[in-house]
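Colleague: Have a look; sequence and predicted model below, questions after that.
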Amino acid sequence: MSGSYADIIVIRHPWEGAAKVVADYAGIPVINAGDGGHQHPTQTLLDLYTIIKERHTIKGLKIALWGDLKYGRTTHSLIFALARFGADILFCPSPGLEVPQHVIDKLVAEYGGEVKHLDASEEKTKDNLFPIDAIYTTPNSPHQLAMMADVSMQLELKAAWMRFT
């Protein structure tokens with residue numbers, strides 16, 4: 001019925017997959033503004049804008065994603081967008097909040113590149129540090145996000161981290 005009264009539907013819903021169900025039945029375009037822990041593409045557009053505004057590109061940047069990488073729908077969407085635009089991503093999850101395997105599988109299959117578990121003795125630069133151009137943090141509790149796009153720092157690598165290149 002909504003498809004008969006509107007030209008487009010923008011939906012944000014706590015249930016994972018809700019936007020897909022609406023899109024399957026609506027008969028009009030549907031914009032997913034967030035569905036459970038799956039995706040949050042509208043937030044990703046803002047994050048990409050922030051990075052480009054501050055850094056003028058995404059390709060070749062080294063971007064760290066920090067915190068809840070398991071349930072954070074904002075990070076799931078951002079991972080795919082960063083991969084599409086050629087960023088080098090360093091995953092720095094809080095314990096027990098690692099990137100879900102289905103996200104890793106899609107990342108490798110659809111966006112190329114590879115995901116490597118880091119050994120502190122590998123991938124090191126001077127003094128075992130990894131240069132970072134931007135950091136995206138999401139603490140262990142939801143809805144506390146921060147994009148720090150204008151940073152220039154180096155992180156000491158830990159074996160629990162993964163990298164997508």
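Modeller: Sure thing, it's come through.
Colleague: For residue 31, what are phi and psi?
Modeller: Here the main-chain torsion angles of residue 31 (degrees, to the nearest 10) amount to phi -100, psi 120.
Colleague: In three-state terms, label the nearest residue to it once chain neighbours are set aside for me.
Modeller: Spatially, and ignoring its direct neighbours in sequence, residue 31 is nearest to residue 10 (4.5 Å; Cβ to Cβ, 6 or more residues apart in numbering). All C-beta atoms are positioned from the backbone trio N, CA, C, and that covers glycine. Three-state call for residue 10 (DSSP: H, G, I helix; E, B strand; the rest coil): strand.
Colleague: how many neighbours does residue 112 have?
Modeller: 11 (other Cβ atoms under 10 Å).
Colleague: In terms of pLDDT, where does it sit?
Modeller: For residue 112, the pLDDT comes out at 83.
Colleague: Check residue 21 too.
Modeller: Confidence at residue 21, expressed as pLDDT, is 91.
Colleague: and the gap between it and residue 40?
Modeller: Applying Cβ to Cβ, to the nearest Å, the value for residue 21 to residue 40 is 17 Å.
Colleague: These two - which one has more neighbours?
Modeller: residue 40 (24 against 14).
Colleague: Show me where this protein has its helices.
Modeller: 2-5, 18-26, 41-55, 73-84, 101-111 (DSSP state H).
Colleague: Need the winner for burial among these.
Modeller: Compared across the helices of the chain, helix 73-84 shows the largest average neighbour count, a mean of 22 (mean count of other Cβ atoms under 10 Å).
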